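> mind looking at a prediction? Sequence and model below.
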Amino acid sequence: MAKKSFKETVFGAEENSAAKLDAEKRSRFQRIAARMYHTQVLSAKEVAMPALASAGRQVSDFIAGSYRTYFFVSVLRIDMLYVVLITTLLGIFNSLIRPVMGIAYDHTRTRWGKARPYAVFAPVFYFGATAVLFCGRLFFDNDITDDPRKILFVFVMMLLRDTFSLIYKIPVDNYLTLMTPNPKDRMTAGLWQTYAKKWVGNFFAFMFVPLLDIARSGSLNISLGMVFAGFGFFTAFIGIFSSMLMAVQCPERIVLQPKPAATSKALFYILKNKYMLRNFIANLAGGWWSRGGYDWWVVTQLEIFGGAVRTWPWVTPREITGVISLSLVEPFKKLFKGSYRKTVIFMRLWDLILGSVPAFIGLSRNVIGSWWKAGLVYAVFQALITSNDAPSTVLEGEIGREIADYTEYMTGERPDGTIGLITQLTEKVTDPLKALMTIAVFKWSGYDPNIGSNKRWSQEIVRENSSVYSKAFFLLNLADIVPAVLNMIPLFFYDLEGKKKEEMYAALNERRALIAKETKAAAEMEAMVEMMAEANA
């Protein structure tokens, strides 16, 4: 037996993988492999349940994402330096705990499946911790920015939330790839997931922002702390219910290797996947930026546009074109002759160019000094950018799933958790840098969260601080330029298309069928494929 070279050992396919599958063994399962790839098996209910779960998660993440820093700094009243410290400590903690969760997930094999057990119990703790976190102002009703009790409270609740975030998100994010091997199924379900998140997020924005306006104006006897606490518990209920419902209603159909590889080996499987490795390097290179660590949309809608009512006319056009884009998935695919890579590159360049124009227009103080001029600029260009929303979402999502499948093709395993802990670790490692970037951006722009965030909006405040708000508007429109450019580079080297992709999936599904036979599940698999083929004929 010839000795492997260093390159083959590190980057080559594993001996028990689909890439190395014996031709004679493969030939036995060609028919069922083709059926697995070409037969849609998801029912309408199984498409709807993940979409509902995504919507429920978005309800919670809407506040915890866009409004978290606003809540800490402007509502709970904690100095930004302490927010940086908490973020840094949590980044270190996540670096230690993430491997444990990734390894546990990869070694999970139950009669319910791999991801389903986690989707049943983890949402209770994840969404519950989020709800309690946003009750902070009710517990600590003071404006002392260095109150140690508030700082400790935020740290503990964020620690719990981040811990159960791992237990919840790793399995749920990989759930769809375990439900079906059919790309049309996955793209359809992925599209509904994305748009459920989008529509639900916007619906709650239309409810949440007016309440913030009312609380800030003092029109009703309701505080900002009460608004956040109420939404926190309401969104927790929605998130828990929808996630559990998905776990009960959606089975896993992909037959996996019964005994996963040793963790010490699986950790290096990212080296077997050149596409994932390139993306990892790009994310690591640009992960420190991420909008300068702050959501400038909150500043724009509350302070530049002047609240919910004044914002609605400017976001309506993008919602309309977003819905229209649902019909553009197939036309975009045909435009580039089915090449996902070319289509996604085109759409990313589209977004980059159309995001640059309003960013530089917004640097004009004359534009920012008038809420309707800034709003009109935003409305026009956001409508154009959003017009490719659905094609971009569907095709980028499927490219991501193809890259994950390539790992299974090269290694014979689906170490999504173990590899995910390496790739997702980028985000946590760079969290402290994002927080420091926030401070640097605040200093560059001159933005002070107390300029208008706790005051009733007025055009005079915006005009007096037009130089500050013009930079905030610039960051809103062009804040993603650094990671966008870096993340586009790997796409130019993505060649998992055409015949190469067809051959990969043929071998991959043949090996899955072989595993099913070896584990006495082949008859059930073939019967399922035949049944679904007839039902969808």
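Perfect, I can see it now.

> pLDDT weak spots in the protein?
1-3, 201-202, 205-206, 290-294, 421, 423-429, 431, 450-456, 520-537 (pLDDT under 70).

> pick out the residue nearest the middle of it.
residue 173 (8.5 Å; CA atoms, centre = their mean).

> residue contacts, that residue?
Residues near residue 173 by CB atoms under 8 Å, 6 or more residues apart in numbering: residue 420. All C-beta spots, glycine's among them, are computed from the backbone N, C-alpha and C.

> that one and residue 57: what is the separation?
Separation of residue 173 from residue 57 (CB to CB, to the nearest Å): 10 Å.

> mind checking how far residue 323 is from residue 48?
Distance from residue 323 to residue 48, by CB to CB: 18 Å.

> more crowded one of the two?
Legend: neighbour count by other CB atoms under 10 Å for residue 323 and residue 48, higher for residue 48 (18 against 15).

> hang on, the more buried one packs against residue 192?
Yes. Using CB atoms under 8 Å, residue 48 is in contact with residue 192, at 7.1 Å.

> skip the chain neighbours and tell me the closest residue to residue 244.
With sequence-adjacent residues excluded and distances taken as CB to CB, 6 or more residues apart in numbering, residue 244 is closest to residue 120, at 5.9 Å.

> show me this structure divided up by domain.
43-253, 262-496 (automatic domain parsing).

> mind putting the ones you listed into a markdown table with distance to residue 13?
Formatted as a markdown table, those follow (distance: least, CB to CB, whole Å):
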| stretch | distance to residue 13 |
| --- | --- |
| domain 43-253 | 19 |
| domain 262-496 | 5 |
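
> tell me which of these lies nearest to residue 11.
domain 262-496 (5.8 Å; CB to CB).

> distance between stretch 9-26 and the chain's centre?
32 Å (CA atoms, centre = their mean, to the nearest Å).

> quick check: closest non-adjacent residue to residue 76.
residue 136 (4.8 Å).

> what's near enough to touch that neighbour?
By CB under 8 Å, 6+ apart, the residues touching residue 136 are 71, 76, 150, 153, 154, 157, 225, 228.

> which SS class is the first one?
By that I understand residue 71. The three-state label given to residue 71 by DSSP: H, G, I helix; E, B strand; the rest coil is helix.

> quick one, what contacts residue 448?
442, 468.

> that one is in what secondary structure piece?
Using DSSP states H and E, residue 448 falls within no helix or strand.

> give me the phi and psi for it.
When quoted as degrees, to the nearest 10, the phi and psi of residue 448 stand at phi -120, psi 120.

> hmm, back to that, closest one to residue 16 among the domains of the chain?
Of those, nearest to residue 16 by CB to CB is domain 262-496, at 4.4 Å.

> how close does the residue nearest to residue 244 sit to residue 355?
40 Å.

> what does residue 314 give?
For residue 314, the distance to residue 355 - CB to CB - is 15 Å.

> in whichever strand or helix holds residue 332, which residues are buried?
Using DSSP H and E, residue 332 sits in helix 329-335. Buried residues in helix 329-335, counted by 16 or more other CB atoms under 10 Å: 329, 332, 333.

> can you get me a residue count around the residue nearest to the last one when sequence neighbours are not counted?
If you skip the residues right next to it in sequence, residue 333 has residue 343 as its closest partner in space, 6.4 Å away by CB to CB, 6+ apart. The tally of other residues near residue 343 (other CB under 10 Å) stands at 24.

> surely residue 343 is in contact with residue 391?
Yes. Counting by CB under 8 Å, residue 343 touches residue 391, with 6.6 Å between them.

> now do the shared contacts for these two.
Residues touching both residue 343 and residue 391 (CB under 8 Å, 6+ apart): 332, 333.

> which residue ranges of the stretch 201-350 of the chain form helices?
224-249, 263-266, 274-286, 296-299, 308-324, 329-335, 340-361 (DSSP state H, counting those that start in this stretch).

> save the ones you listed as JSON lines, and put in distance to residue 516 too.
As requested, those are arranged in JSON lines below (distance: least, CB to CB, whole Å):
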{"stretch": "helix 224-249", "distance to residue 516": "23"}
{"stretch": "helix 263-266", "distance to residue 516": "22"}
{"stretch": "helix 274-286", "distance to residue 516": "26"}
{"stretch": "helix 296-299", "distance to residue 516": "48"}
{"stretch": "helix 308-324", "distance to residue 516": "41"}
{"stretch": "helix 329-335", "distance to residue 516": "32"}
{"stretch": "helix 340-361", "distance to residue 516": "29"}
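
> nearest to residue 404, of these?
Per CB to CB, nearest to residue 404 of those: helix 274-286, 7.8 Å.

> so how far is the closest one from its chain's centroid?
16 Å.

> counting contacts, what elements does that helix pack onto?
helix 389-411, helix 416-429, helix 481-488 (3 or more CB pairs under 8 Å, 6 or more residues apart in numbering; DSSP states H and E).

> if you set the cut-off to 6 Å instead, what comes out?
In terms of contacts (3 or more CB pairs under 6 Å, 6 or more residues apart in numbering; DSSP states H and E), helix 274-286 is packed against helix 416-429, helix 481-488.

> could you pull out the buried residues of the shortest one?
Of the residues in helix 481-488, 482, 483, 484, 486, 487 count as buried by neighbour count, 16+ other CB under 10 Å.

> using PDB, write out every CA atom in it.
Presented in PDB, the C-alpha positions along helix 481-488 are these (Å, rounded to 0.1, in the frame of the first residue of the first chain):
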ATOM      1  CA  ILE A 481     -18.700  46.800   2.900                       C
ATOM      2  CA  VAL A 482     -15.700  45.200   4.500                       C
ATOM      3  CA  PRO A 483     -17.100  41.700   5.200                       C
ATOM      4  CA  ALA A 484     -19.200  41.900   2.000                       C
ATOM      5  CA  VAL A 485     -16.100  42.300  -0.200                       C
ATOM      6  CA  LEU A 486     -14.100  39.700   1.700                       C
ATOM      7  CA  ASN A 487     -16.900  37.100   1.700                       C
ATOM      8  CA  MET A 488     -17.300  37.500  -2.000                       C
END
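
> other residues contacting the next helix or strand after it?
Moving toward the C-terminus from helix 481-488, the next helix or strand (DSSP H and E) is helix 498-518. Under the contact criterion CB atoms under 6 Å, 6 or more residues apart in numbering, helix 498-518 has outside partners 18, 21, 26, 29, 32, 33, 36, 37, 255, 409, 522, 525.

> how near is residue 247 to residue 265?
The gap separating residue 247 from residue 265 is 30 Å, by CB to CB.

> looking at these two, which is more packed in?
Each of residue 247 and residue 265 has its neighbours counted (other CB under 10 Å); residue 247 has more, 24 against 14.

> so who does the closest residue to that one other than its chain neighbours touch?
Leaving out its chain neighbours, the residue that sits closest to residue 247 by CB to CB, 6+ apart is residue 119, at 3.7 Å. Applying CB under 6 Å, 6+ apart to residue 119 gives the contacts 171, 172, 243, 247.

> the host helix or strand of residue 119 versus helix 224-249: what angle between them?
Take DSSP H and E as the rule and residue 119 turns out to sit in helix 116-133. Computed by axes from the mean of the first three to the mean of the last three CA atoms, to 10 degrees, the angle separating helix 116-133 from helix 224-249 equals 170 degrees.

> can you show me the CA trace of stretch 278-289 as CSV?
Only the C-alpha atoms of stretch 278-289 are listed here, as CSV (Å, rounded to 0.1, in the frame of the first residue of the first chain):
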residue,chain,number,x,y,z
ARG,A,278,-12.0,29.6,2.2
ASN,A,279,-15.2,31.0,3.8
PHE,A,280,-13.7,30.5,7.3
ILE,A,281,-10.7,32.6,6.3
ALA,A,282,-12.8,35.3,4.8
ASN,A,283,-15.1,35.5,7.8
LEU,A,284,-12.1,35.6,10.2
ALA,A,285,-10.6,38.4,8.1
GLY,A,286,-13.7,40.5,8.2
GLY,A,287,-15.4,39.4,11.4
TRP,A,288,-14.0,42.2,13.5
TRP,A,289,-16.1,44.8,11.6
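
> fine by me, thanks again.
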